[in-house]
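K.L.:
Quick one, structure for this:
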Amino acid sequence: METATTALTFRDATDADVDELVALIESAYRGDDSRAGWTTEADILDGQRTDPEGVLEVIKSPDSRLMAVEREGRIVACCQLEHQGDHAYFGMFAVSPLLQGAGLGKVIIAEAERQARAAWGVREMQMTVISVRDDLIAWYERRGYRRTGRMTPFPYGDERFGVPQREDLQFELLVKELA
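P.N.:
Next comes the predicted model:
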């Protein structure tokens, strides 16, 4: 029986992947297509989630990797890993909305943690999540991440990050100790 995690290939994204990655990230978080999955931000943010320049910047950064996850030759998910001294930052995580809820995210985050430990010897993974995303935060908590209560402001007025539909958006730092 084939599952969402069958025959996955993990590789570093390249310049040639930028358009496909932007489309994937947008489909997971913005607009009506994102409503097919559970990670949608369509009710709290309009506009874009990322753009080709932002994705290319992550690909080109010497301290960062953008991991493309393929199945049958198609990118179905991605995530950013950034080396930040004694810890790694996990971001730009997207899974195709039609594949969400089938266990793919669990496999990808576990592999990202493994790769961060192996490549950089880090002992902690950090990420920021919009604090009103209770369902998403609960999913990360089930993966071993803990809320810190440390908040940073949402970049209101910078449409590269979306057009907020509410006034109370901020990012909360989540952390996980890596074994």
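K.L.:
how far is the one helix or strand R117 maps to from where the chain is centred?
P.N.:
Assessed by DSSP states H and E, R117 sits inside helix 104-120. In terms of C-alpha atoms, centre = their mean, to the nearest Å, the centre of helix 104-120 is set 12 Å apart from its chain centre.
K.L.:
ditto for stretch 11-18
P.N.:
The answer for stretch 11-18 is 16 Å, by C-alpha atoms, centre = their mean.
K.L.:
Contacts for it next, please.
P.N.:
L21, P52, V55, L56, I59, R65, L66, M67, A68, E70, I75, C78 (C-beta atoms under 8 Å, 6 or more residues apart in numbering). The C-beta positions use only the backbone N, C-alpha and C, and glycine is treated the same way.
K.L.:
how about a cut-off of 7 Å?
P.N.:
L21, P52, V55, L56, I59, R65, L66, M67, A68, I75, C78 (C-beta atoms under 7 Å, 6 or more residues apart in numbering).
K.L.:
what's the lowest-pLDDT member of these?
P.N.:
When those are compared on pLDDT, P52 comes out lowest, with 92.
K.L.:
Give the next helix or strand downstream of the worst-scoring helix or strand of the chain on mean pLDDT.
P.N.:
Across the helices and strands of the chain, mean pLDDT, DSSP states H and E gives its lowest value to strand 45-46, namely a mean of 84. Using DSSP H and E, the next helix or strand after strand 45-46 towards the C-terminus is helix 52-60.
K.L.:
So which elements touch that next one?
P.N.:
helix 18-29, strand 64-71 (3 or more C-beta pairs under 7 Å, 6 or more residues apart in numbering; DSSP states H and E).
K.L.:
what sits up against it?
P.N.:
A13, T14, D15, V18, D19, L21, V22, S64, L66, Q80, M92, R160.
K.L.:
what's the farthest-apart pair in these?
P.N.:
The largest separation in these, counting by C-beta to C-beta, is between T14 and R160 at 22.4 Å.
K.L.:
Burial check on S61, number of neighbours?
P.N.:
Using other C-beta atoms under 10 Å, the number of residues around S61 comes to 13.
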